[in-house]
Each structure stands twice: as C-alpha cells, then as structure tokens.
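Q: Curious how this folds, go ahead:
(one chain, ligands or ions: 3)
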Amino acid sequence: MKGFVIKSTGKYSLVKVDKKIYKCILRGNFRLDNNLSNPVVSGDKVEIDFDENQNGVITKIIKRENHFIKKSLKDDKAHIIGSNIDQVLIICSIRKPYTKFIFLDKCIAAAYYYNIKPIIIFNKVDILNSEETQKLKKINNKYSKLGILFLEISALHGVGIDELKKNLLKKRTLFIGNSGVGKSSIINILTKSNQKINDLSTKTGRGKQTTTFSEIFEIDSNSFILDSPGFKDFYFYDIDKNDIKYLFNEFIEIQKECKFNNCLHLEEPDCKIKDNIGDKIWSKRYSSYLSIMNEFN
Ligand SMILES: Nc1nc2c(ncn2[C@@H]2O[C@H](COP(=O)(O)OP(=O)(O)OP(=O)(O)O)[C@@H](O)[C@H]2O)c(=O)[nH]1
Ligand SMILES: [Mg+2]
Ligand SMILES: [Zn+2]
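A: Numbering: from 1, shown residues only. Ligands and ions are numbered 1, 2, ... in the order given. Take a look at the predicted model:
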C-alpha cells in the first residue's frame, strides 16, 4: 500500500493511507545516508506492508521532491525536518523570544537552496510597544522589497490569521522557527488541533523545546502544515560556501558587476556588493551574509 508519513519518532512512523493511520517500523535493511540522523520524515511518501504479526513495515521511501535539512552544532549528523513541501513559513518574534536576523536570513537562504518558497511571519505583535511596532514595519518593508511575503500576526488575539490561512490553502507548508515563537499555537488555531504549547521559561523568555518531532496537521484535505521542533541553532549541511551569494536575491544582479566573477564580496577589490551596502543592499543582510560565510571557517 502507498501511504504518507504524518509523524516519525525514530522508533516508529505513523503512516496515513486514505483515512486510516498505521503505526509502522522501518525495515532494517535500508541503506541510508549515513550523515543523516533520521531516515524517514513527515511528508515522505512511502510503501508499507504488514509482517506475520500484522505490524506495519515501511518497505520503500518514494523519491522526495525536496526536503529541508538542518544541522546543530553539537550533533555530528544532520536532521531532515520535512519533505515534499511547497513553502516554508519562517516564524519569528521581536520579543519572547527575539529572533536574530542571521537566523531569519539563513532560513531564507536554505529555503531557496532547497527550492522551497519562503514566507516570513512575525508573531506576537500584541506585545510590541510602539517603538518595536515601528521597527517591525521597517523590517517588513525591507523583506517585502526582496519579494518575500511578510505577515505580522498574533496567534493569541487572532490578528492576521485569515490572511495567513489564505496563503496556506492548497499548499504543503513547513513551519520552522526558534523554540517558543508560537508555531504550535498558530497551528492550533488553523487546524483546530490541540497541541501542547510552550510554557516559556520565565527567566529567559526563551522556550524550552515543546514540540519534539515533525508532525503533519491538516487544514483541509488539500492543505497541510508540517510542524517542526524549535531550532536552537541552525547550521547548513549540504550547502557550499561558494553558493551562498546566489541565495541572497538582492545580490544576484549586482554581483555580476564585481571585478572578479568569483568574488565572494569579502576582501576583494572593486566589489559592487560592498559598494552598495546602505544603498541597494541592506547592511543587516550583508552582516548575515558575512556571518554565514564565517561559519565555514
Ligand atoms: N503574547 C503572545 N503570546 C503568544 C502568541 N502566540 C504564542 N504565544 C505564547 O508563546 C508561547 C510559545 O508558544 P508555542 O506555540 O508552544 O511555541 P512553539 O514555537 O511551538 O515552541 P516549540 O514547540 O518549543 O518550538 C506560549 O506560551 C504561547 O501562549 C501571541 O501571538 N502573543
Ligand atoms: Mg511547538
Ligand atoms: Zn563582490
């Protein structure tokens, strides 16, 4: 039978076939990419069978259209967050917790690398003071100019949820973001599910991880959300240092004019990217670019 993985914990996977859900294990003799910690992930299309005890067994993973992979600093293996997706919702907040630009820009770059459309969400607009609201407006403006959909919402007060929902219909959407930004809260509203949410640890305002496995939630039969555990950190896995400059949209045209066509916009002379910082290139985006490049050293 052909099915679709809606949750995978490492020990077992839940596979949906039509309206039924089967708990399946992975057959032992899979030849896996040894650099990845999880062979099966939510979003995978699979073939399943039943053993002599009527236990479900995944016998084949059908070739993925795409995937999103992250690596943590402490783990030596990378982790697949989700597969077969149309778009990735990068969820941020200005406060409780504060999302760093480098994190956001890295997620955007990775989305382009994996051929998945990025969308930026800033949640928790209800707790912002007027100064922070102004700051967010400016950020919104900058990213909107890059052609990325940017929405300001409050899951708690239902602000912006209808607009968000419109953009999720007929799509397979991966939710990513730091722990505690409100991924599960947003999903609970959109899908009327009842996931555990993060009781933000009081001192830091940072979440401890509440969602621990990627899992699929349906909005309707044509639209689903793939929730993922909060990222503590995020390092690239299979992206080459020399390709980063192509993952920053606003660099694409300008860098053609750099003196050297292999210019990495670091120390090279006559670099048009550096010339344009503060003009066509937002300084924060260039800083993110630099930080990413430095992580390769
Ligand atoms: N003020 C405010 N709080 C919110 C909003 N959305 C979520 N929260 C709170 O933020 C905390 C974290 O929410 P979660 O939905 O668990 O966050 P998460 O991103 O799923 O966290 P992980 O599963 O750990 O990655 C909870 O205490 C929520 O009540 C919002 O719009 N405004
Ligand atoms: Mg969660
Ligand atoms: Zn250059």
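
Q: all helices for the chain, in order.
A: Here the chain has its helices, by DSSP state H, at 101-113, 130-145, 161-166, 183-191, 251-254, 272-275, 283-294.

Q: Throw those into a markdown table and include mean pLDDT, mean neighbour count and distance to residue 83, thanks.
A: Glycine gets a C-beta too; all of them are placed from N, C-alpha and C. Listed next are those as a markdown table, based on pLDDT from 0 to 100; neighbours: other C-beta atoms under 10 Å; distance: least, C-beta to C-beta, whole Å:
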| stretch | mean pLDDT | mean neighbour count | distance to residue 83 |
| --- | --- | --- | --- |
| helix 101-113 | 97 | 21 | 14 |
| helix 130-145 | 97 | 13 | 26 |
| helix 161-166 | 98 | 14 | 23 |
| helix 183-191 | 93 | 21 | 18 |
| helix 251-254 | 98 | 15 | 27 |
| helix 272-275 | 98 | 18 | 33 |
| helix 283-294 | 97 | 17 | 24 |
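
Q: mind checking how far residue 235 is from ligand 2?
A: From residue 235 across to ligand 2, the span is 21 Å (C-beta to the ion, to the nearest Å).

Q: related to what we said a few turns ago, out of the helices of the chain, flag the one nearest ligand 3.
A: helix 272-275 (4.4 Å; C-beta to the ion).

Q: does ligand 3 sit close to the closest one?
A: Yes - in terms of C-beta under 5 Å from the ion, part of helix 272-275 sits within range of ligand 3, namely residue 273.

Q: what's in contact with stretch 100-110?
A: Stretch 100-110 is contacted from outside by 68, 70, 88, 90, 92, 118, 120, 148, 176, 178, 231, 234, 236, 239, 244, 247-248, 284-285, 287-289, 291-292, using C-beta atoms under 8 Å, 6 or more residues apart in numbering.

Q: Surely residue 151 touches residue 165?
A: No - look at residue 151 against residue 165 with C-beta atoms under 8 Å: they stay out of range, at 10.6 Å.

Q: mind giving me the domain ranges of this protein?
A: Using automatic domain parsing, the domains assigned to the chain come out as 2-63, 83-227, 246-295.

Q: from those domains, which stretch is densest packed?
A: Mean neighbour count (mean count of other C-beta atoms under 10 Å) peaks for domain 83-227 among these, with a mean of 18.

Q: Just the terminal-to-terminal distance for that domain.
A: With C-alpha to C-alpha, to the nearest Å as the measure, domain 83-227 spans 12 Å from end to end.

Q: I'd like the distance from it to the chain centre, please.
A: Taking C-alpha atoms, centre = their mean, to the nearest Å, the mean C-alpha location of domain 83-227 is offset from the chain mean by 9 Å.

Q: same check, this time on stretch 224-236
A: 5 Å.
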